[in-house]
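Q: here is a sequence together with a model predicted from it:
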Amino acid sequence: MEKNGDTPVGYETESIYVALVNINLNDPIDASMVQLQDWPKDKVPQGAITTLEELENRRPRATIIQGEPLLEGKLLAQGEVHDPIGNIPPGMRLKTISVDAEKSAAGLLSPGDRVDIQLFVNRNPGAGIPSARTKVILQNIRIFAVDQTVQRAADGGEGRTIAKTVSLVLTPGQANKVALAEQIGELNLIPRSPDDEAVTDDTDMNLADIWGDGDSRNTRAREQGPRPEESRSNGGGLLSGLMQQIQKAAAERPPFVMTILEAEQVREVEFDPITGKPIRDTGADRTVTAPQVPATPASTQTPATPPSLEAAEQEFEKEFGASFPIDFE
C-alpha cells in the first residue's frame, strides 16, 4: 500500500487526546497535560475525548497513565471533585495518623497497601512502664489514602513529596486502640506483602529481648518463602493441616500390644497405632506345655483323643493367669 507521509493512503484516522504525563486522581486537567494524537479510526476507544472543551474544569476519577487516551468514563463531571469518603466499606472507619518517612517507609506506601502498626513507648516507671518496649498492636491493615502527590518540574520531570499522614481502614474498636496508642507512644507502619495473611504472636519486645539470642538472623531461603514444589509435597492448605493433626495424634497415642499364640510359644508384640505395623517384641518367648495323655499297651492302643476345649482353656489359664479368648482391648 502506498503511503503519503506517515499515513497509509485510504487509511482513516481520528484525532483524540492522550495524556502527556501521569495525571493523578482528582488533579485538575489542563492543556499542558494532554496532546492530540492520530489513531486508526477503528481502534479509537469508545468515549475518547476529541476536543479541549470536553476537558475544561474536569478531573480524573482514577489515575491516568502517560500515553493513555482520555476517556469520558474516567473523568468526573465538570466542576465535580472526587469524594473518597463514599468508598469507605460499611461498618469500617477511617483513622488518619501522622507518619515519619524515615521510620515508616512512607515514601513507598500507596493506597491499597497493607501494613502492621507498631507502637513504641519509652521507659516511664510512673506510668507502669519499667523499660522501653515495642508491640505490634494491629496487623494486616489496609491503607485507604496517603497525602502523597506528584509534582511536575519545569523540565517535565517529576518529583515526589513524602507522605506525612496516612489514612487507615479500621473497625471502630481498632480506631479507638490507635487513638489511645498515639497518646502514649510513637506509631510506625511496617509494610507487608499483599499476599501475606498470616498473623504472628511474636509482637512484643523489650530491652531484654534485644540482648537475647532470639530471631536475630535471616536466610535467603527464609526471605524467598516456600518453594512451589514444597507446597505441593506438603499437600498445601487443608491437607497439610490434616497431616499435622494425624502426626500429633500418633505421637500422643502409645503403641498397642498384642499377644500372639503360636504352636508351642506365646509372644507379645508392639504395633504402631497408626500404620498397624509391628514395632518390636516386648516379652520373651514362653513355651506352652501341652497336657500329657498316658500311653496304653500296643495291643489295646487306640487313637489319642485331643483334650476338650474346656480343658485347653483351663490349661491356658493355669499357665498365663488369663482367660481365653484374649481381650485385646
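A: Nice, thanks for sending it over. Source: prediction; values computed, not measured. Numbering: from 1, shown residues only.
Q: any chance you could give me stretch 93-101 in CSV, C-alpha atoms only?
A: C-alpha atoms of stretch 93-101 as CSV (Å, rounded to 0.1, in the frame of the first residue of the first chain):
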residue,chain,number,x,y,z
ARG,A,93,-13.9,3.8,59.8
LEU,A,94,-11.1,6.0,58.6
LYS,A,95,-8.3,6.9,61.0
THR,A,96,-5.6,9.3,59.9
ILE,A,97,-2.3,9.1,61.6
SER,A,98,1.0,11.1,61.3
VAL,A,99,3.9,9.1,60.0
ASP,A,100,7.7,9.5,60.0
ALA,A,101,9.1,9.0,56.5
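Q: what lies in contact with that stretch?
A: 85, 88, 106-107, 144-145, 162-172, 174-175, 178-179, 182, 186-189 (C-beta atoms under 8 Å, 6 or more residues apart in numbering). No exception for glycine: its C-beta is placed from N, CA and C like everyone else's.
Q: if we use 7 Å, what do you get?
A: 88, 106-107, 144, 162-172, 175, 178, 182, 187, 189 (C-beta atoms under 7 Å, 6 or more residues apart in numbering).
Q: which stretches of the stretch 201-329 of the chain have low pLDDT?
A: By pLDDT under 70, the low-scoring segments of the stretch 201-329 of the chain are 213-216, 225-253, 255-256, 261-264, 273-276, 280-313, 316, 319-329.
Q: kindly report the same for the stretch 51-200 of the chain.
A: Checking the stretch 51-200 of the chain against pLDDT under 70 turns up 103-104, 106, 148-163.
Q: where along the stretch 101-250 of the chain do the strands fall?
A: Secondary structure of the stretch 101-250 of the chain (DSSP state E, counting those that start in this stretch): strands at 114-121, 133-146, 150-152, 158-160, 165-170, 186-192, 204-206.
Q: which of those strands sits closest to residue 18?
A: strand 150-152 (16.6 Å; C-beta to C-beta).
Q: separation between the closest residue in space to residue 80 that isn't next to it in sequence and residue 26?
A: In this structure, residue 80 finds its nearest non-sequential neighbour in residue 59, 7.1 Å apart by C-beta to C-beta, 6 or more residues apart in numbering. From residue 59 across to residue 26, the span is 5 Å (C-beta to C-beta, to the nearest Å).
Q: anything in contact with each of those two?
A: With C-beta under 7 Å, 6+ apart as the test, residue 59 and residue 26 both reach 81-82.
Q: the two: who's more crowded?
A: residue 59 (20 against 17; other C-beta atoms under 10 Å).
Q: mind jotting down where the helices sit in the protein?
A: For the chain, the helices defined by DSSP state H occupy 101-104, 172-184, 207-211, 220-224, 228-233, 237-252, 309-320.
Q: go through the second one and flag the buried ones.
A: Using 16 or more other C-beta atoms under 10 Å as the test for burial, helix 172-184 gives 174-175, 177-178, 181.
Q: who's in contact with the residue nearest to residue 58 when sequence neighbours are not counted?
A: Nearest residue to residue 58, sequence neighbours excluded (C-beta to C-beta, 6+ apart): residue 75, at 4.8 Å. Residue 75 sits next to 58, 60-61 when contact means C-beta under 7 Å, 6+ apart.
Q: again, but for residue 38
A: With C-beta under 7 Å, 6+ apart, residue 38 has these contacts: 13, 15.
Q: what residues are bridge-paired with it?
A: residue 15 (DSSP bridges).
Q: can you list the domains in the protein?
A: Here the domain parsing of the chain from automatic domain parsing is 3-74, 85-211, 252-290+309-329.
Q: wait, isn't residue 76 in contact with residue 57?
A: No - counting by C-beta atoms under 7 Å, residue 76 does not reach residue 57; the two are 9.6 Å apart.
Q: perfect, I'm done here.
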